[in-house]
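K.L.:
have a look at this prediction, sequence included:
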Amino acid sequence: MQDKSFSQAILDLQERISDHVQESTYRMLLHHTTATSATLDIHDESMRTVVTSELITGQIITLLALMRDLGLLDETQYGEFTTYLQHALASQYLHAATGHTL
């Protein structure tokens, strides 16, 4: 068995987490689960807001990927939309944490 560098191990972990998140998002869409219903048990309101926003963004990105795979969007459009969504989500996190925006 070959030893992995720390950075390679981190990259592998991030990929596994990303795969798990994508699969969970797909299941949410398949079962018509809303982000609001998925976060009902989170009692901390600011944490629930962050998780809800993350879930909604993930669902939109998954739907955009489907549109790309169906040929309704090209790679450039997909990239533009996902970059925008990720930037908006990061801005929301920054505003929630510091009161500032990007």
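P.N.:
Here it is on my side, so go on.

K.L.:
C-alpha only now, for contacts and for neighbours.
P.N.:
OK.

K.L.:
which residues are contacting the helix or strand bottoming out on mean pLDDT in the chain?
P.N.:
Here the helix or strand of the chain ranked lowest by mean pLDDT, DSSP states H and E is helix 6-30, holding a mean of 83. Contacts of helix 6-30 with the rest of the structure, by Cα atoms under 8 Å, 6 or more residues apart in numbering, involve 34, 55, 58, 59, 62.

K.L.:
give me that answer again for 7 Å
P.N.:
Contact with helix 6-30 is made by 58, 59, as judged by Cα atoms under 7 Å, 6 or more residues apart in numbering.

K.L.:
ok, now stretch 54-71?
P.N.:
With Cα under 7 Å, 6+ apart, stretch 54-71 has contacts from 25, 35, 73, 74, 75, 78, 82, 85.

K.L.:
now the nearest residue to the second one once chain neighbours are set aside: how far from residue 41?
P.N.:
Think residue 35. Nearest non-adjacent residue to residue 35, counting by Cα to Cα, 6 or more residues apart in numbering: residue 52, 5.3 Å away. Separation of residue 52 from residue 41 (Cα to Cα, to the nearest Å): 12 Å.
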